[in-house]
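Engineer: Here is a sequence with its predicted model. Questions after.
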Amino acid sequence: MFSSMPCQGPMCSPLARRHWSRTPVVTLSLLGAALAGGAASARDCDPALTGRPAADGTSDRVLRGFIVGWAVNLAGEEIRWNHLSAATSIVNYAKGTSYDYEGVAVQVVDTSVDNGDVLANPGVLDLNGIEYAQVFDQLLVEFEAHGSTGYSTQQTSILATPELTLHPVSLDLNDGGAPVITKAHIDVWNENEVKFSGSYRCVNCWDSTLLHLYDFPNHYKVSTLQSNRGKARIDGIASPLCEDSVDDPLTGVLSTCSTFNDVTLGDDYACRAVPVKGLGYESAQIAYRPVGGEPPENPEESGGGQRFGAGDELGEVLATMAPEIDGILGRHGPIDPASESFGEPSVKPNQKSEPRRRRPAPPPPPPQDGEDKKSPPENPGPLVAQDRASTAEKGSLFILSKVELRWDHEGQLIQDTFIQLTNDFPENVKVLMYFVNGDPPTEEIDCERAHPGWNWLDNMIELTGNEPTWWSVLTGQPKGVSPFQVLDPID
């Protein structure tokens with residue numbers, strides 16, 4: 001399923017444990033697109049600014065990507081634990097608006113594996129309907145066309161701006177792995193059932209783009225769609241139009257922000273987001289090295305992939321970032337990179353631990369007078385596992401397709417993302433998560449610093465029985481995970 005190249009060159013810095021390196025560093029084209037929208041005249045020439053220039057026509061700076069995680073044992077091996085649910089809240093302080101979306105949950109469907117048991121092939125998550133549930137074969141997106149006035153009145157005009165986030169479900173997170181590339185083949189219909197074809201995106205690792213900024217032919221504007229709303233079917237396929245692309249299922253989120261212009265009250269904003277629906281069944285695969293697995297014999301040949309904790313290079317980077325993060329937001333208290341819970345795995349590589357098998361259930365308390373002796377156990381879970389990924393059920397694996405930090409041109413934070421994660425079971429469980437920088441690496445041009453891209457950082461946390469937790473992506477607090485900024489630190 002994966003087409004990988006060995007990690008070579010300067011982009012293989014072990015800062016965030018691993019960088020993918022399938023394609024060359026992006027040059028002027030990316031920043032040119034960002035600066036063409038007016039950012040060049042508005043932003044200061046400061047190579048120490050946080051984030052990279054946004055490519056959406058604003059003067060903002062962004063750090064974006066996605067999070068994927070699954071239940072594991074102490075050795076970092078995936079287990080059956082269909083009790084996890086995740087969600088995301090993206091809050092824009094400058095516009096005074098926010099939106100939420102539910103994460104995609106994938107259940108373990110192998111009925112021979114009990115709750116808490118290790119799956120058959122640790123290090124390989126097969127979303128094939130046999131081990132984990134499958135995912136959608138095609139995506140179904142219902143959108144408001146850019147420039148639509150369908151929701152407007154004589155008093156208030158409303159302009160909707162939809163943004164589509166897509167990424168392949170499959171991931172190769174092993175040393176020497178590479179981002180998965182697929183062609184998003186898109187067919188579009190308008191309200192009159194007229195079909196439009198020819199639209200596509202080369203999705204390399206991850207893509208999040210305003211629909212009206214898609215390349216020609218663009219069927220997402222009122223002027224071309226000829227209706228206020230449209231429907232799109234999206235299929236991830238291999239194609240010579242996208243070099244090194246493979247046939248792989250996609251997942252994602254459609255977020256839409258609307259500008260309200262009232263003749264009396266002035267401008268206002270509102271945003272919403274929904275995970276993309278789909279149809280059909282398709283298999284995917286996620287490969288990784290469990291935290292307790294053996295490291296490569298020669299780390300240099302495999303890209304120097306390793307895990308860092310407080311006191312080493314990553315700890316030093318976090319220590320330099322802490323005052324800046326605390327000064328920008330400061331609402332979660334001080335950040336202590338030296339604490340054991342901050343960016344440090346619960347189990348070091350090669351540290352021996354007992355394999356996690358099903359824990360015996362504690363004996364029930366003696367029934368009280370008048371109590372039904374045959375009352376059902378707490379939280380029994382579904383009797384039949386879901387055979388396809390869902391946003392309405394819990395799972396052993398979750399995907400949060402859009403994480404976005406945003407700063408203005410002066411480097412002031414204007415948008416944060418908050419993650420919510422819940423263990424809906426009365427026993428503790430460990431969760432291994434990968435924070436992925438979805439944008440490509442770029443080289444230094446003019447006064448804009450070079451940016452790493454397509455890199456990732458892993459974190460392991462423990463959720464106690466029935467614990468709901470949350471954290472800011474900017475700071476990693478209060479849960480104590482690594483801040484997303486580790487993926488694009490300021491030198």
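Structural biologist: Yep, it's here.
Engineer: give the contact list for residue 119.
Structural biologist: Residues in contact with residue 119, defined by CB atoms under 8 Å, 6 or more residues apart in numbering, are 77, 78, 79, 80, 108, 110, 113, 125, 131. Glycine gets a C-beta too; all of them are placed from N, C-alpha and C.
Engineer: scratch that, residue 272 is what I was asking about
Structural biologist: So residue 272 contacts 99, 255, 256 (CB under 8 Å, 6+ apart).
Engineer: One more: residue 237?
Structural biologist: So residue 237 contacts 182, 183, 185, 245, 247 (CB under 8 Å, 6+ apart).
Engineer: can you list the weak-confidence ranges in the protein?
Structural biologist: Confidence mapping of the chain against pLDDT under 70 gives the ranges 1-47, 263-266, 292-385.
Engineer: what do you get if the cut-off is 90, keeping everything else the same?
Structural biologist: 1-49, 147-159, 175-177, 259, 261-269, 291-387, 445-448, 490-491 (pLDDT under 90).
Engineer: Can you tell me which of the contacts of residue 272 is closest to residue 65?
Structural biologist: The closest of the contacts of residue 272 to residue 65 turns out to be residue 255 (CB to CB; 14.7 Å).
Engineer: bridging residues for the closest one?
Structural biologist: Counting by DSSP bridges, residue 255 forms beta bridges with residue 163, residue 273.
Engineer: That one touches residue 276, doesn't it?
Structural biologist: No - with contact defined as CB atoms under 8 Å, residue 255 does not reach residue 276; the gap is 10.6 Å.
Engineer: So residue 212, which state does it fall into?
Structural biologist: Assigned by DSSP: H, G, I helix; E, B strand; the rest coil, the conformation of residue 212 is helix.
Engineer: give me every residue that touches it.
Structural biologist: 146, 147, 161, 218, 220, 221.
Engineer: Give me the phi and psi for the closest residue to the fourth one other than its chain neighbours.
Structural biologist: Distances taken as CB to CB, 6 or more residues apart in numbering place residue 224 nearest to residue 218, at 6.0 Å, with adjacent residues excluded. In terms of degrees, to the nearest 10, the main-chain angles of residue 224 are phi -100, psi -30.
Engineer: Test my guess that residue 224 contacts residue 217.
Structural biologist: Yes - using CB under 8 Å, residue 224 is in contact with residue 217, at 7.4 Å.
Engineer: the more surrounded of those two?
Structural biologist: Set side by side, residue 224 and residue 217 show more neighbours around residue 224, with 18 against 13, by other CB atoms under 10 Å.
Engineer: and that one, what is it in contact with?
Structural biologist: 196, 217, 218.
Engineer: Ok, residue 181 next?
Structural biologist: So residue 181 contacts 22, 168, 202, 203, 204, 205, 242, 243, 244, 245, 246 (CB under 8 Å, 6+ apart).
Engineer: ok, 10 Å please
Structural biologist: 3, 22-23, 168, 202-205, 236, 238-239, 242-246, 248 (CB atoms under 10 Å, 6 or more residues apart in numbering).
Engineer: cool, residue 219 as well?
Structural biologist: By CB under 10 Å, 6+ apart, the neighbours of residue 219 are 145, 186-190, 194-199, 211, 225-226, 230, 232.
Engineer: So among these, which ones count as buried?
Structural biologist: 145, 186, 187, 188, 189, 190, 196, 199, 211, 225, 230, 232 (16 or more other CB atoms under 10 Å).
Engineer: Report the two of those separated the most.
Structural biologist: Within those, two members stand farthest from each other by CB to CB: 145 and 187, at 15.6 Å.
Engineer: Who does the helix or strand harbouring residue 286 pair with, and is each partner parallel or antiparallel?
Structural biologist: Per DSSP states H and E, residue 286 falls inside strand 284-287. Its sheet considered, strand 284-287 pairs with strand 124-127 (antiparallel), strand 171-172 (parallel) by DSSP bridges.
Engineer: Arrange those in TSV, one row each, with distance to residue 135 as further columns.
Structural biologist: What follows is the strands paired with strand 284-287, written out as TSV (distance: least, CB to CB, whole Å):
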stretch	distance to residue 135
strand 124-127	6
strand 171-172	12
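Engineer: Packed most tightly, which of those strands would that be?
Structural biologist: Mean neighbour count (mean count of other CB atoms under 10 Å) peaks for strand 171-172 among the strands paired with strand 284-287, with a mean of 22.
Engineer: Sheet partners, orientation included, of the next helix or strand after that strand?
Structural biologist: Proceeding N to C from strand 171-172, the next assigned helix or strand is strand 181-190, under DSSP H and E. Here strand 181-190 has these sheet partners by DSSP bridges: strand 195-204 (antiparallel), strand 229-237 (antiparallel).
Engineer: send the alpha carbons of the last one over as CSV?
Structural biologist: Below are the C-alpha coordinates for strand 229-237, written out as CSV (Å, rounded to 0.1, in the frame of the first residue of the first chain):
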residue,chain,number,x,y,z
ARG,A,229,-25.8,24.6,-3.4
GLY,A,230,-23.9,21.7,-4.8
LYS,A,231,-23.0,18.1,-4.1
ALA,A,232,-19.6,16.5,-4.7
ARG,A,233,-18.4,12.8,-4.7
ILE,A,234,-14.8,12.4,-4.0
ASP,A,235,-12.7,9.2,-4.6
GLY,A,236,-9.0,8.8,-3.8
ILE,A,237,-7.4,7.1,-6.7
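Engineer: For residue 255 and residue 276, list the residues in contact with both.
Structural biologist: 101, 164, 165, 401.
Engineer: Where does residue 223 sit: helix, strand or coil?
Structural biologist: Of the three states, residue 223 takes helix according to three-state DSSP.
Engineer: what residues does the strand holding residue 286 touch?
Structural biologist: 1-2, 4, 68, 70, 78, 106, 121, 123-128, 131-132, 134-135, 168-174, 177, 180, 236, 248-251, 389, 397, 399, 434.
Engineer: Can you get me a residue count around residue 139?
Structural biologist: For residue 139, the count of nearby residues is 26 (other CB under 10 Å).
Engineer: hey, what's it bridged with?
Structural biologist: residue 234, residue 278.
Engineer: Just list the residues touching it, thanks.
Structural biologist: Listed by CB under 10 Å, 6+ apart, the contact set of residue 139 reads 164, 166, 184, 186, 232-236, 249-252, 254, 275-280.
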